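Q: have a look at this prediction, sequence included:
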Amino acid sequence: MKKRSTLKLLMELYFVGVVEDASIFVNIIKDFTGLEQLKDRDATQTNLSLLTSFARQGRFFLGMHQPGQEVDEEFYKGLNVTVEQKKQFKKALHSYYDAVTELLQAEHSSLRLMELDNAKILNARGELSEDNVTAYEKLRKSYDHLFRGVSSLAEALDMQPPLMPEDGHTTRVTSGADTESTTSGKESVPEPIWDDDDTRTFYESLPDLRFVWVV
């Protein structure tokens, strides 16, 4: 929450001209895209959400076309973001996307292996133990959440979402309450664009900030 609030505040201050040096965002994005944080799943999910929001609302920082840029050309020309900084932003986010996609693929492989093991147990015993079901549901939930986060980042970067390898011999194994999903993640429910009402309100109000007089 602290990271989210800090990023919101700094972007607001930048768009109204209080903060003029875009290098502060370079440092923040470097922190969010640090690969060592991929070891912490909670940190990974948080950073994915923050980076997706930044990429959606700060396309100009990445050298990408910003909606309405033609209308407000003078405003965007006044933003002090160098070509080198845009390259840094783009490189950092694309490198992070590649790394988190590898993590997703590894988790997908683990999920498929667990499903195969569970299928063997079902064939032999007719049912799964409570521990097997709990472990599977935990890994499945983790994978689905990560898949949605990575797909949202890909969309924000105008990239194709990750495609997980198909395995015709593997099906979801559950306790019976949920049997319609697939391991590829294709049927996952899309993640909401906004993480919460405060985030939605903040970003939807950004276009008006350039008209605010700073005293």
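A: Cool, got the structure. No experiment lies behind these values; they were computed from the predicted model shown.

Q: tell me the contacts of the residue nearest to the spatial centre of the chain?
A: Closest residue to the average C-alpha location of the chain: Leu48 at 3.2 Å, with C-alpha atoms, centre = their mean. Contact analysis of Leu48 by C-beta atoms under 8 Å, 6 or more residues apart in numbering lists Val100, Leu146, Gly149, Val150, Ser152, Leu153. Heads up, the C-betas are built off the backbone N, CA and C, glycines and all.

Q: element containing the third one, please.
A: Of the helices and strands defined by DSSP states H and E, Gly149 is found in helix 130-156.

Q: in terms of secondary structure, what does that helix contact?
A: helix 41-57, helix 83-125 (3 or more C-beta pairs under 8 Å, 6 or more residues apart in numbering; DSSP states H and E).

Q: can I get these in JSON lines including distance to Lys30 and mean pLDDT?
A: Formatted as JSON lines, those follow (distance: least, C-beta to C-beta, whole Å; pLDDT from 0 to 100):
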{"stretch": "helix 41-57", "distance to Lys30": "11", "mean pLDDT": "92"}
{"stretch": "helix 83-125", "distance to Lys30": "6", "mean pLDDT": "94"}
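
Q: deepest-packed of those, please.
A: helix 41-57 (a mean of 19; mean count of other C-beta atoms under 10 Å).

Q: tell me how far that helix is from the chain's mean position?
A: Computed by C-alpha atoms, centre = their mean, to the nearest Å, the chain-centroid distance of helix 41-57 equals 5 Å.

Q: swap in stretch 19-33?
A: Using C-alpha atoms, centre = their mean, the offset of stretch 19-33 from its chain centre is 18 Å.
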